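Colleague: Whatever this is, show me its structure:
(chains A, B, C and D)
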Protein chains: 2
Amino acid sequence: MSVSPAAPSSTGNEDLVGRRVLLVDDDPTVAEVASSYLRASGFVVEEASDGFAALQAADRLAPDLIVLDRMLPGIDGLEVFRRLRERMSTPVILLTALGSEDDRIAGLEAGADDYLAKPFSPRELVLRVQSVLRRSIGEFTPESVLEYGEFRLDPSARVATRGGVELPLTLREFDLFEFLLKHPNQVFSREDLLRTVWGWTHGDLSTVTVHVRRLREKIELDPRAPTMLTTVWGVGYRFTMGGAADAVV
Amino acid sequence: MSVSPAAPSSTGNEDLVGRRVLLVDDDPTVAEVASSYLRASGFVVEEASDGFAALQAADRLAPDLIVLDRMLPGIDGLEVFRRLRERMSTPVILLTALGSEDDRIAGLEAGADDYLAKPFSPRELVLRVQSVLRRSIGEFTPESVLEYGEFRLDPSARVATRGGVELPLTLREFDLFEFLLKHPNQVFSREDLLRTVWGWTHGDLSTVTVHVRRLREKIELDPRAPTMLTTVWGVGYRFTMGGAADAVV
DNA sequence: GGGCATCCGTCCGTGTTCCGTAAGACTTGA
DNA sequence: TCAAGTCTTACGGAACACGGACGGATGCCC
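Modeller: Model (predicted):
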């Protein structure tokens, strides 16, 4: 199984890191793929393969969100859903068989917060989970603006400036820059970045290399001799300002 | 008017506890689920299953807000809505059936304070009820007029002008513009807009694309090279004016 | 009541932007 | 000097945004 590219993991999702997700599906393959994607996006995932296990796990874990297959061995998914609702108000995303539009309607009317038709792309699932969680947290509350030296980065407007001049960053470049700006003076391996910024579990590391280079092209005065977004040989990259923070090598 | 952002995380929802909500829907399942969610959020809920009962209950209860299904047995939902408006200014959230295509309610929806397309997530309904109520509290003035640059937008009269000249905006265009004016310098995905402005939880995103284009046609000097309603590639749209980030409205 | 204009949602063709990958040149550290 | 790691460049394809147009539905006017 290879990780598909292009997860628009716009990093306004850092508040979501560490949130607990309970994944209920009886198909081991689906469960494994889905949970690995969710984990890659920073969620803590617990799995359950039938209705009883789901209810128990829900009590024990008190998850922030539940992904629930509508078709389950033993108790039906909808029934599990009702019982869940009786004791907690945790948001639920329902996985429904394709085609059966009635399922979806029934699901939403029963109180699901979202639904996803099987077969679904894991990436889509991650997006939905993030979307539902973000909504339940509080929507459209503008994120605070990052200021660092002459750089200014507004995540809500997705505008980055240096000395008041706007930097024409692309989506990936912006996400990458935002992450680095939030964690200055800290070294990240390419794998770290690929996981946190891209949301991939594994993949071609050169992707990171190239994007770092492109970002340097836009934020460094002399991209050939970077002073802020520097390379730590054999380890990764680090964003620093003020120049003197790199004494230790 | 359409929608405003939901629930600030610092939930100033304490003021809303105990507010009376009249829920009008003939589908017992929908009514039950919705009302249980509303009650769980601290509202006092009364239900009515047809138009007459709704009007009577409205008189008797003097609710703070009414959730009204457009499709009702007996009197049509819209008719109920008109009669309600004749005697009281209670805010109304309209539930519309999206599935049945014959439901283009464009005309009178304009008077509703918010609308939500079925099927919807109950959580979404709660968010909207809170949002509308919070807005209506302390706002005895009909509705504040939005001014932004040379634009002036009167939600009550549904009139938009640029430099004193009226802009012939359609219903959707007005709603869209209003939402963007209320949240300047912030990027919204097509999905965000579809959910908040249209009240759809799911739908064709190209709908948003097209309406943005039509709106640009009317507010931009050069619609081909938009300067205010700009596209953020891979993310969504943003309304900005002149460089000044005076986000206070 | 019929015809007309308006508005809305959808679809399709087209051009553009951006991203991921590969391959070769270069640099670093031993 | 050598090998591993890093940088640079280029390219193909995919995702995306846009314009144009169409059909259906509604409201209005005659």
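
Colleague: can you give me the helices for chain A?
Modeller: Applying DSSP state H to chain A gives helices spanning A:28-40, A:51-61, A:77-87, A:101-110, A:122-137, A:171-182, A:190-193, A:206-219.

Colleague: In chain A, which residue sits closest to DNA strand D?
Modeller: Among the residues of chain A, A:Thr231 lies closest to DNA strand D, at 3.4 Å counting by CB to the nearest atom of the strand. Glycine gets a C-beta too; all of them are placed from N, C-alpha and C.

Colleague: Now for the closest residue to that residue other than its chain neighbours: which residues touch it?
Modeller: Nearest residue to A:Thr231, sequence neighbours excluded (CB to CB, 6 or more residues apart in numbering or on different chains): A:Tyr237, at 6.0 Å. A:Tyr237 is in contact with A:Leu180, A:Val187, A:Phe188, A:Arg190, A:Leu193, A:Val212, A:Leu229, A:Thr230, A:Thr231, counting by CB atoms under 8 Å, 6 or more residues apart in numbering or on different chains.

Colleague: and if you look at A:Leu169?
Modeller: Neighbour list for A:Leu169: A:Ala160, A:Phe177, A:Leu215, A:Lys218 [criterion: CB under 8 Å, 6+ apart].

Colleague: circling back: would you format the helices of chain A as JSON lines with distance to DNA strand C, mean pLDDT and mean neighbour count included?
Modeller: Compiled in JSON lines, the helices of chain A are given as follows (distance: least, CB to the nearest atom of the strand, whole Å; pLDDT from 0 to 100; neighbours: other CB atoms under 10 Å in any protein chain shown):
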{"stretch": "helix A:28-40", "distance to DNA strand C": "13", "mean pLDDT": "90", "mean neighbour count": "17"}
{"stretch": "helix A:51-61", "distance to DNA strand C": "32", "mean pLDDT": "96", "mean neighbour count": "17"}
{"stretch": "helix A:77-87", "distance to DNA strand C": "27", "mean pLDDT": "88", "mean neighbour count": "17"}
{"stretch": "helix A:101-110", "distance to DNA strand C": "14", "mean pLDDT": "61", "mean neighbour count": "18"}
{"stretch": "helix A:122-137", "distance to DNA strand C": "11", "mean pLDDT": "87", "mean neighbour count": "20"}
{"stretch": "helix A:171-182", "distance to DNA strand C": "3", "mean pLDDT": "97", "mean neighbour count": "21"}
{"stretch": "helix A:190-193", "distance to DNA strand C": "11", "mean pLDDT": "97", "mean neighbour count": "18"}
{"stretch": "helix A:206-219", "distance to DNA strand C": "4", "mean pLDDT": "98", "mean neighbour count": "17"}
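
Colleague: Looking at those, which is nearest to B:Arg19?
Modeller: Each of these has some distance to B:Arg19 by CB to CB; the shortest is helix A:122-137, at 20.7 Å.

Colleague: May I have that closest one exported as PDB, CA atoms only?
Modeller: The C-alpha trace of helix A:122-137 is given here as PDB (Å, rounded to 0.1, in the frame of the first residue of the first chain):
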ATOM      1  CA  PRO A 122      -8.600   7.600   3.500                       C
ATOM      2  CA  ARG A 123      -7.600  11.100   2.700                       C
ATOM      3  CA  GLU A 124     -11.200  12.100   2.500                       C
ATOM      4  CA  LEU A 125     -11.900  10.500   5.900                       C
ATOM      5  CA  VAL A 126      -9.100  12.500   7.500                       C
ATOM      6  CA  LEU A 127     -10.500  15.700   6.000                       C
ATOM      7  CA  ARG A 128     -14.000  14.900   7.300                       C
ATOM      8  CA  VAL A 129     -12.700  14.000  10.700                       C
ATOM      9  CA  GLN A 130     -10.800  17.300  10.900                       C
ATOM     10  CA  SER A 131     -13.700  19.200   9.600                       C
ATOM     11  CA  VAL A 132     -16.200  17.800  12.100                       C
ATOM     12  CA  LEU A 133     -13.800  18.300  15.000                       C
ATOM     13  CA  ARG A 134     -12.900  21.800  14.000                       C
ATOM     14  CA  ARG A 135     -16.600  22.600  13.800                       C
ATOM     15  CA  SER A 136     -17.300  21.200  17.200                       C
ATOM     16  CA  ILE A 137     -14.500  23.200  18.700                       C
END
